[in-house]
Structure formats: C-alpha cells, structure tokens
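Novice: got a sequence here, can you build the structure:
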Amino acid sequence: MEQTHRHFLLYKPHGYISQFIYEKKRTKHKLGELYDFPEGTMAIGRLDETSEGLLFLTTDGMASERVRSAHYEKEYYAQVDGIITDEAVEQMRQGVLIGVKGEKYMTKPCEVEKLPVLPDWIGVGRRIRDERHGPTSWVRLVLKEGKFRQVRKMTAAVGFATLRLVRVRIGDISLKGMEVGEVIEVEQL
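Specialist: Modelled structure (predicted):
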C-alpha cells in the first residue's frame with residue numbers, strides 16, 4: 001500500500017523555531033502550536049527563531065531532499081542596519097567569505113538588489129526600532145544554496161547587520177497573499 005504524504009505552506013511568524021519538539025529547558029514557540037500537523041511532519045530547511053516567512057512542511061523525506069537542492073531558488077528580503085551601498089550589493093552578488101561550521105566558505109554568486117520600499121504584501125512583523133536609532137534599508141537576495149544563517153552572515157560580511165529577515169519565495173511558490181501564521185495544505189511541493 002502506497003503511503004499518502006501531506007504537504008503544507010506556512011508563513012512562519014517571528015519568535016517560532018522550525019521544530020516540533022524542543023528538548024532544552026527554555027520555553028520556545030514551536031510550529032505545532034500553529035496548526036495540527038500530522039505525525040511525521042518535518043520542516044524543509046529552517047528559518048531561525050528571529051526570521052520569518054515561507055516555510056514548506058511535509059511528511060515526505062524525498063520532497064525535503066528535492067526542495068533543499070540547488071534546483072530551488074530561495075528569495076529573501078533583509079532589513080539591514082544603515083543604508084546599504086552599491087558596493088556592498090555588488091560584493092554579495094559576486095560572493096563573500098563567511099564562516100560555516102568553523103570553516104571559511106565563499107558564497108556562490110547570487111541575485112542581490114536594493115529594495116526602495118518593502119512590498120505591502122509582506123506581513124507587518126515586529127517593529128525593529130524607531131528612526132532615532134539610525135536609518136535602515138532593505139535588500140533582496142535570491143540564493144540557490146542555504147548555509148546556516150547565510151543571509152545574515154552575508155550582510156554582516158559587507159558591514160550591514162541584518163535586523164529583520166523574511167523568506168518570501170521558494171521555487172515558484174511565494175507567500176504573497178498569505179497572512180502571518182497561516183498554514184495552507186497543498187497537493188504537492
């Protein structure tokens with residue numbers, strides 16, 4: 001008998017970890033608090049607790065491997081501390097040196113551009129800080145790789161700390177039209 005797998009899209013809110021079980025003593029919000037997912041559901045890739053945006057979930061390990069591959073673009077909007085420069089954008093496009101598991105790693109070339117304003121379909125999210133603490137700006141990055149905290153490390157490598165990070169697209173699927181915390185079951189990923 002062939003097992004029927006289930007697949008979900010989630011607009012992960014800030015403050016949730018991309019896990020269903022958390023063994024450490026500190027209480028954290030877990031994905032299972034947002035929806036009654038079936039047993040065996042796993043997040044495909046991760047968004048850390050302070051990141052938000054599109055997350056795929058599935059009961060199919062093969063789908064997880066496929067989506068995490070370089071065949072699927074991942075698009076992010078990052079709010080950075082300060083007004084990002086053209087030079088910093090170009091450095092990230094070409095690749096920057098970051099640390100991954102204690103080793104130096106040169107990121108692969110990717111799409112990077114300044115965003116004049118954040119699109120209105122992005123959820124409001126949490127307030128980062130007010131204007132008296134200095135300016136911020138937004139940058140769009142499209143990656144085909146996904147190293148641990150890669151976008152945050154890339155912006156830091158060019159001198160602009162990430163303050164807010166939103167994954168807006170994986171492959172052809174966007175979170176446009178979704179509400180923060182919303183879960184949508186889909187036929188396939």
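Novice: got any ranges where this protein has weak pLDDT?
Specialist: Counting by pLDDT under 70, the chain contains low-confidence ranges at 1-2, 21-27, 123-130.
Novice: quick check: closest non-adjacent residue to the residue nearest the centre of the chain.
Specialist: Nearest to the mean C-alpha position of the chain, by CA atoms, centre = their mean, lies R167 at 3.6 Å. With sequence-adjacent residues excluded and distances taken as CB to CB, 6 or more residues apart in numbering, R167 is closest to G53, at 3.5 Å. C-betas here are computed from N, CA, C, even on glycine.
Novice: what helix or strand does that neighbour sit in?
Specialist: Taking DSSP states H and E as the criterion, G53 maps to strand 52-58.
Novice: what pairs with that strand, parallel or antiparallel?
Specialist: Strand 52-58 pairs in its sheet with strand 7-12 (antiparallel), strand 42-44 (antiparallel), strand 162-170 (parallel), by DSSP bridges.
Novice: that one: how far from the chain's middle?
Specialist: Distance of strand 52-58 from its chain centroid, counting by CA atoms, centre = their mean, to the nearest Å, is 8 Å.
Novice: circling back to that earlier point, which ones are touching the residue nearest to R167?
Specialist: The contact partners of G53, taken as CB atoms under 8 Å, 6 or more residues apart in numbering, are Y11, K12, L47, Y76, L165, V166, R167, V168, L175.
Novice: so which of those comes closest to I122?
Specialist: Using CB to CB, V166 is the member of the contacts of G53 that lies nearest I122, at 5.9 Å.
Novice: could you give the bridge partners of that closest one?
Specialist: Going by DSSP bridges, V166 forms beta bridges with E52, Y77.
Novice: if we can go back for a sec, as TSV, the strands paired with strand 52-58 with distance to H133 would be great.
Specialist: Formatted as TSV, the strands paired with strand 52-58 follow (distance: least, CB to CB, whole Å):
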stretch	distance to H133
strand 7-12	26
strand 42-44	33
strand 162-170	10
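Novice: which residues in this protein form helices?
Specialist: Taking DSSP state H, the helices of the chain run over residues 61-68, 86-94, 150-157.
Novice: wait, which of these is closest to M42?
Specialist: Using CB to CB, the nearest of the helices of the chain to M42 is helix 61-68, at 6.2 Å.
Novice: mind listing what's buried in the closest one?
Specialist: Of the residues in helix 61-68, those buried under the neighbour-count criterion (16 or more other CB atoms under 10 Å) are A63, S64, V67, R68.
Novice: tally up the residues packed near the residue nearest to the third one when sequence neighbours are not counted, please.
Specialist: For V67, the nearest residue in space outside its immediate sequence neighbours is I44; the separation is 4.7 Å by CB to CB, 6+ apart. By the other CB atoms under 10 Å criterion, the neighbourhood of I44 contains 22 residues.
Novice: thanks a lot, see you next time.
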